[in-house]
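> Let me see the structure of the following:
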Amino acid sequence: MLDDQLYILKERVLVSVSGPDAFKFLQNLVTNDLGNSETCLIYAALLTPQGKYLNDFFVIKKTDNTFLIDIFHQSAEHFIKRLNIYKLRLRVDVELTDGIVCVGGSIAPNGAFFDPRDAKLGWRQYFLGNDIPSEAVELPVNMYEKLRVELCIPETNVELLVDKTFILEAGFERLSGVSFTKGCYVGQEVTARMRHKTELQKGFVKVRISGIIGDSCMEIMSEEKVAGSLFTRHENFAIAYLKFRYIDTPLRVGEANLEFLKKF
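Purely as a prediction, here's the structure:
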């Protein structure tokens with residue numbers, strides 16, 4: 001868990017979605033129900049019509065007609081362009097807005113919201129304009145990666161791959177990132193079918209590494225068969241994308257052995 005320091009997430013930016021039709025617009029696009037976005041932070045994704053991942057983000061209601069989107073900075077431009085495709089004649093404006101995203105792990109201050117993916121990730125707080133708290137410092141990468149690996153939390157452009165990842169395989173139900181009661185959204189049919197009509201055959205798991213792995217070696221093997229891929233590593237633990245039928249078989253990456261620890 002994070003300590004009581006206030007940390008800035010330098011890689012996050014804020015997108016404003018505003019206008020009389022803002023709620024209707026977002027509610028019909030994203031994977032989660034925004035009905036509670038006034039009182040809590042909502043984690044959600046935007047999918048392709050085929051149900052594959054495009055972006056993940058947090059949504060908070062600022063006013064009745066304005067929502068703030070907390071998103072990875074390298075995804076923001078693509079995200080805005082995608083939303084503008086769906087605007088049609090709706091009265092909605094989508095644009096970057098000045099501000100910073102901060103996180104902390106102590107008692108949540110006023111205006112902060114606990115991370116819906118896992119309470120051990122602490123809380124998030126948003127400061128608009130140039131109002132940057134003097135006590136805030138940049139969050140060390142290793143600290144966050146340690147938490148992500150421990151909790152098996154996939155990250156944008158690392159484990160979550162555009163037009164490749166299916167969000168249920170990425171654990172979005174466990175991470176409170178998808179609703180199965182809100183009704184239609186882009187990619188909803190495929191996502192619902194995966195949940196109700198099939199049993200997941202692969203997904204993210206936590207593994208222990210025994211041995212040395214080169215930076216370019218990511219393919220997980222079970223004997224001579226490809227069993228999955230290795231992603232974020234911290235010390236001798238890692239997040240792996242694994243075909244579940246290989247969980248109980250000997251696994252390796254290069255010359256290193258892998259031990260399956262937990263399926264989330």
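> what about the helices in the stretch 151-264 of the chain?
Assigned by DSSP state H, counting those that start in this stretch, the helices in the stretch 151-264 of the chain fall at 188-197.
> where does the stretch 151-264 of the chain dip in pLDDT?
Along the stretch 151-264 of the chain, the model assigns pLDDT under 70 to residues 216.
> Please, where are all the strands along it?
202-210, 219-222, 225-234, 237-243, 251-253, 256-263 (DSSP state E, counting those that start in this stretch).
> will you turn the ones you listed into a markdown table that also has mean neighbour count?
The way it works is simple: take the backbone N, C-alpha and C, and place the C-beta from them, glycine included. Below are the strands of the stretch 151-264 of the chain laid out as a markdown table (neighbours: other Cβ atoms under 10 Å):
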| stretch | mean neighbour count |
| --- | --- |
| strand 202-210 | 19 |
| strand 219-222 | 18 |
| strand 225-234 | 18 |
| strand 237-243 | 22 |
| strand 251-253 | 21 |
| strand 256-263 | 15 |
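> Including distance to residue 179, could those go into a markdown table?
Listed next are the strands of the stretch 151-264 of the chain as a markdown table, based on distance: least, Cβ to Cβ, whole Å:
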| stretch | distance to residue 179 |
| --- | --- |
| strand 202-210 | 19 |
| strand 219-222 | 32 |
| strand 225-234 | 26 |
| strand 237-243 | 24 |
| strand 251-253 | 34 |
| strand 256-263 | 23 |
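> do you know which of those lies nearest residue 110?
When the strands of the stretch 151-264 of the chain are compared by Cβ to Cβ, strand 225-234 sits nearest residue 110, at 32.6 Å.
> Output the closest one as PDB, nothing but the C-alphas.
Extracted C-alpha coordinates of strand 225-234, given in PDB (Å, rounded to 0.1, in the frame of the first residue of the first chain):
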ATOM      1  CA  LYS A 225       4.300 -25.300 -26.500                       C
ATOM      2  CA  VAL A 226       3.700 -21.500 -26.100                       C
ATOM      3  CA  ALA A 227       1.700 -21.100 -22.900                       C
ATOM      4  CA  GLY A 228       1.600 -17.300 -22.600                       C
ATOM      5  CA  SER A 229       3.600 -14.100 -22.200                       C
ATOM      6  CA  LEU A 230       5.400 -12.400 -19.300                       C
ATOM      7  CA  PHE A 231       4.700  -8.800 -18.600                       C
ATOM      8  CA  THR A 232       5.500  -6.500 -15.700                       C
ATOM      9  CA  ARG A 233       8.200  -7.800 -13.400                       C
ATOM     10  CA  HIS A 234       9.200  -6.700  -9.900                       C
END
